[in-house]
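Enquirer: sequence unknown, structure follows:
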């Protein structure tokens, strides 16, 4: 009888411990599920932040490229303008006009031919990155 009593107490104790272990196991699973959900939310948030940063970086690169291309175009135009000074062109045309007014048509024609060759050469050379010293 004593052994049966001891066995019943042991059985109850083991049953109680088993119930406690199951309860703790369920709590642990709930905590793990909550932790997983929280980590997934953080992952989504960080992924969104990274995507936003990539988009911003792509916009910055695009803006820099656009600015660079605009500056290159401006530099090319400045180079073209500096090849033929407007004051020089005006003086040449005035000289041709003076020859024409003074009835020196041969000189006017010769000067006009030289000036047109010069303009053509400047325009042709403006397409090239480099021009020989001879040209």
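Expert: Ah, there it is. What you see is a predicted model, and the numbers here were worked out from it, not measured in a lab. Residues are numbered from 1 along each chain as shown.

Enquirer: tell me which element residue 124 falls in.
Expert: helix 105-126 (DSSP states H and E).

Enquirer: Can you spell out which helices and strands pack onto that helix?
Expert: Secondary-structure packing of helix 105-126 (3 or more C-beta pairs under 8 Å, 6 or more residues apart in numbering; DSSP states H and E): helix 2-83, helix 86-101. Glycine gets a C-beta too; all of them are placed from N, C-alpha and C.

Enquirer: quick one: that helix to helix 86-101, angle?
Expert: Orientation check (axes from the mean of the first three to the mean of the last three C-alpha atoms, to 10 degrees): helix 105-126 against helix 86-101 gives 160 degrees.

Enquirer: Count the neighbours of the nearest residue to residue 115 once chain neighbours are set aside for me.
Expert: Leaving aside its sequence neighbours, residue 115 sits nearest to residue 92 (C-beta to C-beta, 6 or more residues apart in numbering; 5.0 Å). Residue 92 has 17 neighbours, counted by other C-beta atoms under 10 Å.

Enquirer: Just the pLDDT for residue 92.
Expert: Note for residue 92: predicted pLDDT of 88.

Enquirer: State the distance from it to residue 12.
Expert: Separation of residue 92 from residue 12 (C-beta to C-beta, to the nearest Å) stands at 119 Å.

Enquirer: try residue 101
Expert: Counting by C-beta to C-beta, the gap from residue 101 to residue 12 is 131 Å.

Enquirer: Could you report the neighbour count for residue 124?
Expert: Count around residue 124 with other C-beta under 10 Å applied: 11.

Enquirer: list the contacts for it?
Expert: By C-beta atoms under 8 Å, 6 or more residues apart in numbering, the contact set of residue 124 is empty.

Enquirer: can you check residue 72 too?
Expert: Residue 72 neighbours (C-beta under 8 Å, 6+ apart): none.

Enquirer: distance between stretch 5-14 and the chain's centre?
Expert: Chain-centre distance of stretch 5-14: 75 Å, with C-alpha atoms, centre = their mean, to the nearest Å.

Enquirer: what does stretch 51-59 give?
Expert: On C-alpha atoms, centre = their mean, the centre of stretch 51-59 falls 9 Å from the chain's centre.

Enquirer: likewise stretch 40-54?
Expert: 21 Å.
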